[in-house]
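# The amino acid sequence is not available; the structure is as follows:
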């Protein structure tokens, strides 16, 4: 385990909420992505991840984590979904589905890799110039057409295109090798 | 190298961008690109698949989730307040997505778990309020971002701004507060002022209270001092001081608009700036009208309704565009 991870665990055990927040912020979205992939329900996916972090904090003084904190959290998601159907909605709706799957969904290890990819994606996104990032997000997350983006930002369609080209190139270079 | 390769690398990405437009029938471009740039094309396909996957992760709102969890822990008295002084948040939601970006990278990849700066961006319609470590407060307009250290050092307080923000600076004569915008600097000891960076106008600094120093540090090195009610503009004409000609310069923040026999085109300009709306006037008669009124925290619809009633005109609403027309 990395020494920074040990420090993180130690700080959390000591009740350092700031370190806990940093951990939460760095892993919440990818863990939800994983959990959602397993149960295909965004709301419950979030509840599950919330609960895992809640328990981690509540039981921080007694909990023993022998693997890396990150693996621990990904495994917790998997276990909670697979074995721990405390949530009735999941139980009724997904128990059948899950029991018929031999290898159920993505493994925690695979999900961790997706999580790493997500970090690279964020790093690339964050390194884009302000306008370029904004254009990319409007196109992809909000599904706007280039001409709509151009109108919204008072720039030409050509500028939108050029910026999208720039963004896609950056992502191609950082992500295509994975 | 492929002898048939017609495009430079950048042209390729630009063409590829066309493919990604949510608007265009792109089968023709696709075939052409695939034939001429096989390697890049495959990389692109792969990248887009990954981006699709990332989009699913992006949909989860970490800010809200953290806010929920924090409130739950707080309610159950599971947080020891003494240790959380630095972290005190008035509204947990304020901490924006880009903090997540920085921190997640820090922790997950680089072991650089505790980064020294926060970057907060505001993509939302609502103004975002940020408490800085020294007790100063920053309000971010839509599409603005600010980067600041987790802890200010002993010599000064330096932050970096993009877009538009309003600052209320806590007085500390031993540590000047400096806002850096693209190399230009606004330096103060304790005051409140608005900074607006835009492509069309340049960089505008408007002072609400106190005194600030505005410096074109990156280019000419020129300096001006602005006091209450004054505005400095830095653009291709250099650095210039003028009286503040827009009483509504803070309406993006407080949603309060004051008009005194103000011509309608100016009224509409201010409303559009404040509400990020797209209102157009389609009549020379309306262009010639003026109004005297104060709008305080109205919704865009209420506000337009009020104008329409006062002036006896009509508002046509179509796809986020409002057009003022004669009835």
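That came through, no problem. Because the structure is predicted, anything quoted here is derived from the model rather than measured. Numbering: from 1, shown residues only, chains lettered A, B, ... in the order given.
# what's the distance between the residue of chain A most remote from its centre and residue A:150?
Outermost residue of chain A with respect to the C-alpha centroid, by Cα atoms, centre = their mean, is residue A:156; its distance is 33.9 Å. Residue A:156 is 6 Å from residue A:150, where distance means Cβ to Cβ, to the nearest Å. (C-beta placed from N, C-alpha, C; glycine too.)
# before we move on, what about residue B:245?
29 Å.
# so what's the residue farthest from the centre of chain A up against?
Applying Cβ atoms under 8 Å, 6 or more residues apart in numbering or on different chains to residue A:156 gives the contacts residue A:150.
# C-terminal to the longest helix anywhere in chain A, which secondary structure element comes first?
Across chain A, the longest stretch assigned as helix under DSSP state H is helix A:17-39. Moving toward the C-terminus from helix A:17-39, the next helix or strand (DSSP states H and E) is helix A:42-58.
# Check which residues of that next one are buried.
A:44-54, A:56-57 (16 or more other Cβ atoms under 10 Å in any protein chain shown).
# so which of those would you say is closest to residue B:160?
If you rank those by distance to residue B:160 using Cβ to Cβ, residue A:53 comes first, at 31.3 Å.
# wait, the closest one sits on residue A:25?
No: counting by Cβ atoms under 8 Å, residue A:53 stays clear of residue A:25, with 10.6 Å between them.
# three-state assignment of the nearest residue to residue B:145 once chain neighbours are set aside?
Nearest residue to residue B:145 in three dimensions, chain neighbours excluded: residue B:121, at 3.9 Å (Cβ to Cβ, 6 or more residues apart in numbering or on different chains). Of the three states, residue B:121 takes strand according to DSSP: H, G, I helix; E, B strand; the rest coil.
# Please determine how far residue B:121 is located from residue A:130.
As judged by Cβ to Cβ, residue B:121 and residue A:130 stand 8 Å apart.
# Of the two, which one has the most company?
Applying other Cβ atoms under 10 Å in any protein chain shown to residue B:121 and residue A:130 shows that residue B:121 carries more neighbours, namely 23 against 14.
# Just the closest of the buried residues of helix A:42-58 to residue B:304, please.
Closest approach to residue B:304 among those (Cβ to Cβ): residue A:46, at 37.1 Å.
# pLDDT wise, what is the nearest residue to residue B:264 once chain neighbours are set aside at?
The shortest distance from residue B:264 to any non-neighbouring residue, by Cβ to Cβ, 6+ apart, is to residue B:289 (4.8 Å). Residue B:289 is assigned 90 on the pLDDT scale.
# count of neighbours near residue B:289?
Residue B:289 has 19 nearby residues by other Cβ under 10 Å.
# Which secondary structure element of chain A has the lowest mean pLDDT?
helix A:88-99 (a mean of 54; mean pLDDT, DSSP states H and E).
# could you point out which element follows it?
As assigned by DSSP H and E, the chain's next helix or strand after helix A:88-99 is helix A:108-127.
# which helices and strands does that following helix pack with?
helix A:17-39, helix A:69-82, helix A:130-140, helix A:157-175, helix B:38-58, helix B:97-104 (3 or more Cβ pairs under 8 Å, 6 or more residues apart in numbering or on different chains; DSSP states H and E).
# so where's chain A shaky on pLDDT?
A:1-3, A:83-104 (pLDDT under 70).
# domain assignment for it?
Per automatic domain parsing, the domain ranges recorded for chain A read A:3-106, A:128-175.
# same question, chain B
B:9-58, B:96-243, B:251-325.
# Ok, which of the ones you listed comes nearest residue A:111?
The nearest among the domains of chain B, by Cβ to Cβ, is domain B:9-58 at 10.5 Å.
# Okay, residue B:315 and chain A: tell me how far apart.
19 Å (Cβ to the nearest Cβ, to the nearest Å).
# For the stretch 151-300 of chain B, which segments are assigned as helices?
Using DSSP state H, counting those that start in this stretch, the helices of the stretch 151-300 of chain B run over residues B:251-254, B:264-275, B:284-287, B:300-311.
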